[in-house]
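Chemist: Got a sequence here, can you build the structure:
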Amino acid sequence: MTAWASSTFAALGTPNYRRYFAGQAVSLVGTWMQTVAQAWLVLELTGSGTALGLVAGAQFLPILLLAPYGGLLADRLDKRTILIASQWVLGAMALTLGLLTVTGAVELWMVVALALGLGLVTAIDNPARQSFAQEMVGPGGLRNAVSLNSVLVNAARAVGPALAGVLIATVGIGLCFLINAASYLAVVVALTGMDADALRPAPRQRREPGQVRQGLRYVAGTPDLLVPLMMLAVVGTLAYEFQVVLPLLAQGPLDGGAGTYGLLTSAMGVGAIAGGLVVAGRGRTGLKPLSIAAAMFGLAILAAAAAPSVWVALIALTVVGATSVTFLAVGNTTLQLTAEPRFRGRVMALWAVAFLGTTPLGAPVVGAISEHLSPRGGLAVGGLASLAAAALGAFVVARNRHRGPHTLP
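Modeler: Sure, this is the predicted structure:
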């Protein structure tokens, strides 16, 4: 094996992470199939971009409100147990949506209700999932594990939407939800089959009053955490609304259908695989690399917004995918390596709030802009938001350089 391959795939040398990676490889394909199918189902039921934004908002609202409590649970309880329980519940909800769709009984309010339930589980699942990576591979392997997981997520983004597009066009939307329901079993098998003695759990925090506020005060008093979280919040609110914008872009300016939407999403996944492998092999952490990644992400989104045809859009979205995974991997690893172990679950809960929980704020806005102005305008708003986040990071880096040496781990 070459030195490049050894460094790029180092985390897979850990048996527990290798099991987790394999389970996720199956489950994430199903997750992306459901993401595409849910968006197309809402469009079939309503034809409204605003409705797409409202469903996305319902799905991520619980993360905005409850993720800090999910992070506290991750600091108090066994993370693997939390993840096993969440997979069973997520699978049950996907099965319910699939049966409702196949039988023709589905209505918009049902989709909204199940999206809200999905958000409730994610508010608990996500902080545990993010902070569990270090328990599997240790601090030295964290950056590589996070980057490889990003590669996996986006490889699934390349495969899942394409499969969903084919299934929607041939047999219908409902089968996508049923396949996703079955895919969660792969993660349950991987988690239950792990060697518990090989894990490196952080000390569990005892129940005390005010622990959520304690975590918020810790972040507020730690600029090395606060500034990256602010950048992630700006980008998460307005730029990561692709589940709202891309269906409208495919259906409107690009004059396509479900297949075109699947191709656009898959193009982002292909680019993200390449970007994730680069970050896994030689990625850096800290505020300066994060600011550079945000600027590149913003420019790529603006290029996609201006794309005159499907093929140009596919090329631009490939670059969007590569820069997106770079921004997320650098931000995630910077936060985990900077946070004290006893606060890691709560810090990663705020990461979930900044990245996912801000969707209820941004999705309806971006959906309305895309429907009433143009999907290109909805994309452009995200590009400008990313450039604003990059400017914030660059300003802080320049100020710290003026004050003296300042580095992140």
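Chemist: where does this protein dip in pLDDT?
Modeler: 1-7, 154, 203-206, 208-210, 280-283, 357, 359-360, 402-409 (pLDDT under 70).
Chemist: Next, please give the residue ranges for the helices of the stretch 151-300 of the chain.
Modeler: 174-192, 211-220, 223-238, 242-251, 258-282, 287-305 (DSSP state H, counting those that start in this stretch).
Chemist: Point out the other helices and strands that the first one packs with.
Modeler: Other helices and strands packing on helix 174-192, by 3 or more C-beta pairs under 8 Å, 6 or more residues apart in numbering; DSSP states H and E, are helix 15-46, helix 79-102, helix 142-170. Backbone N, C-alpha and C define where each C-beta goes, glycine included.
Chemist: So what touches it?
Modeler: The contact list for helix 174-192 (C-beta atoms under 8 Å, 6 or more residues apart in numbering) reads 19-20, 22-27, 29-31, 33-34, 36-38, 80, 83-84, 87-88, 90-92, 94-95, 97-102, 163-164, 167-168.
Chemist: 6 Å instead, please
Modeler: Here helix 174-192 makes contact (C-beta atoms under 6 Å, 6 or more residues apart in numbering) with 19-20, 23, 26-27, 30, 33-34, 37, 80, 83-84, 87, 90-91, 94-95, 97-98, 101-102, 164, 167.
Chemist: Buried ones only from those, please, as a PyMOL command.
Modeler: What follows is the PyMOL syntax for the buried subset of these, where burial is set by 16 or more other C-beta atoms under 10 Å:
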select buried, resi 19+20+23+26+27+30+33+34+37+80+83+87+90+91+94+95+97+98+101+102+164+167
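Chemist: hmm, back to that, for residue 342, which of the helices and strands packed on helix 174-192 is the nearest?
Modeler: Taking C-beta to C-beta, helix 79-102 is the member of the helices and strands packed on helix 174-192 nearest to residue 342, at 13.9 Å.
Chemist: could you give the angle of the closest one to helix 174-192?
Modeler: Interaxial angle, helix 79-102 versus helix 174-192 (axes from the mean of the first three to the mean of the last three C-alpha atoms, to 10 degrees): 170 degrees.
Chemist: so which of the helices of the stretch 151-300 of the chain comes closest to residue 337?
Modeler: Comparing the helices of the stretch 151-300 of the chain by C-beta to C-beta, helix 223-238 comes nearest, at 9.7 Å.
Chemist: Can you list the helices and strands that the closest one packs against?
Modeler: Applying 3 or more C-beta pairs under 6 Å, 6 or more residues apart in numbering; DSSP states H and E, we find helix 223-238 packed against helix 310-338, helix 359-372, helix 375-403.
Chemist: is it possible to export those helices to CSV including distance to residue 293?
Modeler: Output for the helices and strands packed on helix 223-238, formatted as CSV (distance: least, C-beta to C-beta, whole Å):
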stretch, distance to residue 293
helix 310-338, 4
helix 359-372, 19
helix 375-403, 8
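Chemist: Distance from stretch 178-187 to the middle of the chain?
Modeler: How far stretch 178-187 lies from its chain's middle: 18 Å, per C-alpha atoms, centre = their mean, to the nearest Å.
Chemist: Please export the C-alpha coordinates of it as PDB.
Modeler: Extracted in PDB, the C-alpha atoms of stretch 178-187 (Å, rounded to 0.1, in the frame of the first residue of the first chain):
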ATOM      1  CA  LEU A 178     -39.000   1.100   2.300                       C
ATOM      2  CA  ILE A 179     -35.400   0.500   1.200                       C
ATOM      3  CA  ASN A 180     -34.200   3.200   3.600                       C
ATOM      4  CA  ALA A 181     -36.100   1.500   6.500                       C
ATOM      5  CA  ALA A 182     -34.300  -1.800   5.800                       C
ATOM      6  CA  SER A 183     -30.900  -0.100   5.500                       C
ATOM      7  CA  TYR A 184     -30.900   1.000   9.200                       C
ATOM      8  CA  LEU A 185     -30.400  -2.700  10.200                       C
ATOM      9  CA  ALA A 186     -26.800  -2.500   8.800                       C
ATOM     10  CA  VAL A 187     -25.800   0.100  11.300                       C
END
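Chemist: With residue 329 as the reference, measure out to residue 264.
Modeler: Here residue 264 is placed at a distance of 22 Å from residue 329 (C-beta to C-beta, to the nearest Å).
Chemist: Compare these two (neighbour count), which wins?
Modeler: Neighbour count, other C-beta atoms under 10 Å: between residue 264 and residue 329, residue 329 has more, with 29 against 26.
Chemist: I'd assumed residue 148 was in contact with the more buried one.
Modeler: No: judged on C-beta atoms under 6 Å, residue 329 makes no contact with residue 148 at a distance of 9.4 Å.
Chemist: State the helix or strand in which the residue nearest to residue 216 when sequence neighbours are not counted lies.
Modeler: Counting by C-beta to C-beta, 6 or more residues apart in numbering, residue 216 lies nearest to residue 68, which is 7.2 Å off, once chain neighbours are set aside. Assigned by DSSP states H and E, residue 68 belongs to helix 49-76.
Chemist: Which elements pack onto that helix?
Modeler: Using 3+ C-beta pairs under 6 Å, 6+ apart, helix 49-76 sits against helix 15-46, helix 108-137, helix 211-220, helix 242-251, helix 344-352, helix 359-372.
Chemist: Report all helices and strands that the third one contacts.
Modeler: What that stands for is helix 211-220. helix 49-76.
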